[in-house]
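J.: Return atomic coordinates for the entry below.
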Amino acid sequence: MKFILTALFLFVLSVQIILGQRSIDAVTKLLGHSDQDTSKVLLLIELAANYQFSNSDTALALTEQAIQLARRIKFVKGELRAMSRQGEVRHLRGELPVALESELAAIQLSQKYNYPDVEAESLTFLATIYLDLAEYRQALNYLFKAKKIYDNINVKFLSDDAQQIGPYSLSSIGYAYEKLDLLDSAMYFYKLVLSNPLNNEDQRADILGKIGIVKSRQLHYQEALSKFREVINVTEISNDFLNRCIALQQIAMIFKEQHNIDSAIHYASLAFKSGKKSTYKTAVLDASSLLATLYKTQGNLDSAFYYQQTASATKDSLFGLDKFHKLQLLTLSEQQRVQQLKEQQALSKTRAQMVGLLSSVVVFLLIAFIFWRSTRQQKKANLILNEKNLQIEKQSESLKKTLDELKSTQAQLIQSEKMASLGELTAGIAHEIQNPLNFVNNFSEVNTELVEELQAARSKLRAERDEALEDGIINDIKQNLEKINHHGKRAGAIVKGMLQHSRTSSGQKELTDINALCDEYLRLAYHGLRAKDKTFNPEIKTDFDNNVRKISIVPQDIGRVILNLINNAFYAVKERSRQHIRGYEPAIVVATKKIKDKIEISVKDNGNGIPKNIVDKIFQPFFTTKPTGQGTGLGLSLAYDIVKAHGGEIRLENQEGEGCAFIIHLTA
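T.: Here you go, the predicted model:
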């Protein structure tokens, strides 16, 4: 039966049924009417994969039909694969927030139901979204997770389109390395893909084009042109408009470098036409931007203006909120600067108070010594001694008052350190809260349209009304409201976490998931780092032990410790990267481990390490290796006290010149 269905599917592809709803109806008719046939779901997904670059509306309709059918027959794996493919189609259409939500949902459910191949596929599609956002390190993190899964499964038992994802993830790793200027690493993964038998011409065109780009960047133009022309020959047969567009555009860029503007415009125009035929908006953006530049160089301002308008419209449809995000980041940076200035002033005031206190103590001791000698030498000075004793009592009261003020100042200083870390978290929180707010806004707009559609439907005469349609709209509104409620609660939880971090700890212990706590503060610290310096992309690795159970801790306090250690690690690798050491790639690793009755949390970096002559001082209050104004010297001291208060211990493993690791042990 499966063989017959597959043959029918190939027949549908070969005759190229008219695009749109008729193609879906035709496929459904050919595949039969048995809702129990899981092969039908898989074939719908494969057909959607073939249409995703040429007709995204058809591809979306096919994935939606696959999802609904899979749900009716309770085919969970098929439903998840259809969700993942639908997310990729929406990504190609430029609908990044919805695509991101689809892939994240598919990943979570595939982990829940233990479908590693679906998880790997969704991880790969999720990574391609981050590649479009220029978050190459984050994309590599997801891609290597997908590669690890593919290394441990037998791809022979996967469907045809699922088998393509493994090589595609490897080529995407190479693409990320190429964007990070690591061309040798990029070529390694491209050759790794070529060493395996390719299953279709689209994949061959993709990898040949990427190799051509590397050759072009290495100024080997003849080799690059040979690869790009081979891509064009392959795509003329397969009608792969996306890879043809990329190859034509790269040829145009080579002619532009060689100052052959007429040839460059010719190939850029062909690239623009191919890009318009594909559903990938980024290809249209790149081609129209190149044509605008070329026509401007040639002096043809009318054509330059036309293509510049096209590029601007396409860019707005993809990244319309970019300026708003940049404004947010600038605002956050200014807030951090003001906060740092206040911290410096508070620190100077505290130091002045401490100097005054020490001076008072010295004076007190000197007076006490003088009066002690006076009692032995002069009995006649009893009256004077009594007067001095009264003065000493007054000074003792003053000293007690000063000590109380010192304790209050210390508490304020601890809270200032917390607010400093809150400033570091602000950018991360802004990034975290933007996603649920976007979802709330999107679903609210959709509900407005649905309500208008429902009102229009109910304004008709009763005989003309379609009650099934109205019920469907009401169900859609209800589902959207549930999503709005979900994402609203998610945003509220983020704000609640920020408020808990900013207020003074109550000292109440709670059962807390250590892995989730580490992951939360790692993400917020990373987004805070990116807010201050978007060009710095350290490699971030996590190794969380699933055997780690919830333990009783004060989450705000332990979270502050983890945040401080991660921020210190980021600072260390950034300082070393400024030395421009050849081959150096900044990286940190956050890990947890269950060791008998202990929980181990470690934060490791490959920075410069800590000099041996100051290792013994790092947990002392006010000791810091950072330049003046960049650190209070209280972070590690407070971390040490918090861990000790939890009955645990914190230690340092240091290798000067190679990096260091801070390791925390807590009672499970």
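
J.: which ones are touching the residue nearest the centre of the chain?
T.: When the chain is reduced to its mean C-alpha position, the closest residue under C-alpha atoms, centre = their mean turns out to be Q138, at 5.6 Å. With contacts taken as C-beta atoms under 8 Å, 6 or more residues apart in numbering, Q138 has the following neighbours: Y130. Placement of C-beta: from N, CA and C, glycine included.

J.: how about it, secondary structure?
T.: Q138 falls in the helix class when you classify it by DSSP: H, G, I helix; E, B strand; the rest coil.

J.: The residue nearest to D543 when sequence neighbours are not counted - how many residues pack around it?
T.: Counting by C-beta to C-beta, 6 or more residues apart in numbering, A591 is the residue found nearest to D543 once chain neighbours are left out, at 3.9 Å. If you count neighbours by other C-beta atoms under 10 Å, A591 ends up with 18.

J.: tell me which element A591 falls in.
T.: Here A591 sits within strand 587-595, counting by DSSP states H and E.

J.: Please export the C-alpha coordinates of that strand as CSV.
T.: Written as CSV, here are the backbone C-alpha positions of strand 587-595 (Å, rounded to 0.1, in the frame of the first residue of the first chain):
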residue,chain,number,x,y,z
ALA,A,587,33.7,30.3,25.1
ILE,A,588,32.0,29.6,28.4
VAL,A,589,30.5,26.4,29.8
VAL,A,590,27.7,26.2,32.4
ALA,A,591,27.1,22.7,33.8
THR,A,592,25.4,20.9,36.6
LYS,A,593,26.1,17.5,38.0
LYS,A,594,24.7,15.1,40.7
ILE,A,595,27.5,13.7,42.9
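
J.: In it, which residues are buried?
T.: Buried residues in strand 587-595, counted by 16 or more other C-beta atoms under 10 Å: A587, I588, V589, V590, A591, T592, K593.

J.: Walk me through the domains of the chain.
T.: Domains of the chain are assigned by automatic domain parsing as 1-91, 235-319, 323-502, 510-667.

J.: Adding distance to K145 and mean pLDDT as columns, could you present those domains in CSV?
T.: Below are the domains of the chain laid out as CSV (distance: least, C-beta to C-beta, whole Å; pLDDT from 0 to 100):
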stretch, distance to K145, mean pLDDT
domain 1-91, 15, 71
domain 235-319, 24, 81
domain 323-502, 20, 67
domain 510-667, 10, 88
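
J.: before we move on, back to that, does anything pack onto the strand holding A591? Which helices or strands?
T.: With contacts defined as 3 or more C-beta pairs under 8 Å, 6 or more residues apart in numbering; DSSP states H and E, the secondary structure elements packing on strand 587-595 are helix 514-532, strand 539-543, helix 555-577, strand 598-605.

J.: out of these, which comes closest to E482?
T.: Distances from E482 to each of the helices and strands packed on strand 587-595 were compared using C-beta to C-beta; the minimum, 23.9 Å, belongs to helix 514-532.

J.: list the helices and strands that closest one packs on?
T.: Helix 514-532 is packed against helix 322-377, helix 382-458, strand 539-543, helix 555-577, strand 587-595, strand 598-605, with contacts defined by 3+ C-beta pairs under 8 Å, 6+ apart.

J.: That one relative to strand 587-595, how many degrees between them?
T.: 170 degrees (axes from the mean of the first three to the mean of the last three C-alpha atoms, to 10 degrees).

J.: tilt between helix 514-532 and strand 598-605?
T.: With the same axes, to 10 degrees as the basis, helix 514-532 and strand 598-605 are set at 20 degrees to each other.

J.: What average pLDDT does stretch 187-202 get?
T.: Across stretch 187-202, pLDDT averages out at 76.

J.: mind listing what's buried in it?
T.: Buried residues in stretch 187-202, counted by 16+ other C-beta under 10 Å: M187, F189, Y190, V193, L194, E201, D202.

J.: Adding secondary structure and distance to Q65, write those residues out as TSV.
T.: Compiled in TSV, the buried residues of stretch 187-202 are given as follows (DSSP: H, G, I helix; E, B strand; the rest coil; distance: C-beta to C-beta, whole Å):
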residue	secondary structure	distance to Q65
M187	helix	41
F189	helix	35
Y190	helix	36
V193	helix	32
L194	helix	36
E201	helix	27
D202	helix	23
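
J.: what's the most distant pair in those?
T.: The largest separation in the buried residues of stretch 187-202, counting by C-beta to C-beta, is between M187 and E201 at 21.8 Å.

J.: and for stretch 646-657, what are the contacting residues?
T.: Surrounding stretch 646-657, the residues in contact under the criterion C-beta under 8 Å, 6+ apart are 553-554, 557-558, 561, 608-612, 615, 618-619, 639-640, 643, 660-667.

J.: Just the buried residues of the residues you listed.
T.: The buried subset of the contacts of stretch 646-657 (16+ other C-beta under 10 Å) comprises 553-554, 557-558, 561, 608-610, 618-619, 639-640, 643, 660-666.

J.: thinking again about what came up before, closest one to L182 among the domains of the chain?
T.: Ranking those by distance to L182, with C-beta to C-beta as the measure, places domain 510-667 first at 8.3 Å.

J.: Tell me which residues touch H91, please.
T.: By C-beta under 8 Å, 6+ apart, H91 lies in contact with A99, F125, T128, I129, D132.

J.: Which secondary structure element is home to it?
T.: helix 76-92.

J.: and what of I650?
T.: In this structure, I650 is located in strand 649-655 according to DSSP H and E.

J.: helices or strands up against the next helix or strand along the chain from that strand?
T.: The first helix or strand that comes after strand 649-655 along the chain, using DSSP H and E, is strand 659-667. Under the contact definition 3+ C-beta pairs under 8 Å, 6+ apart, strand 659-667 sits against strand 551-553, helix 555-577, strand 598-605, strand 649-655.

J.: For my notes, please list the ones you listed in TSV and give distance to L383 for each entry.
T.: Shown next, in TSV, are those (distance: least, C-beta to C-beta, whole Å):
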stretch	distance to L383
strand 551-553	61
helix 555-577	55
strand 598-605	65
strand 649-655	57
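
J.: Which among the ones you listed is found nearest to Q250?
T.: Taking C-beta to C-beta as the measure, the helices and strands packed on strand 659-667 were each checked against Q250, and helix 555-577 came out nearest at 30.6 Å.

J.: Going by neighbour count, list what's buried in that closest one.
T.: Of the residues in helix 555-577, those scored as buried under the neighbour-count criterion (16+ other C-beta under 10 Å) are 555-574, 576-577.

J.: and if you look at stretch 217-228?
T.: Residues Y221, A224, L225, K227, F228 are the ones in stretch 217-228 that count as buried (16+ other C-beta under 10 Å).

J.: What average pLDDT does that stretch get?
T.: On average, stretch 217-228 scores 88.

J.: And for that stretch, what's in contact with it?
T.: 178, 183, 208-209, 211-213, 215-216, 247-248, 250-251, 254, 257-258.

J.: separation between I265 and Q52?
T.: Here I265 is placed at a distance of 30 Å from Q52 (C-beta to C-beta, to the nearest Å).

J.: okay, the two: which has more neighbours?
T.: Taking other C-beta under 10 Å, I265 and Q52 do not tie; Q52 has more neighbours (26 against 21).

J.: Pull the contacting residues for that one.
T.: Residues touching Q52, when contacts are defined by C-beta under 8 Å, 6+ apart, comprise A59, R85, E88, V89, L92, T279.

J.: Now it: phi and psi?
T.: phi -60, psi -30 (degrees, to the nearest 10).

J.: and what of P586?
T.: Here is the backbone geometry of P586 (degrees, to the nearest 10): phi -60, psi 140.
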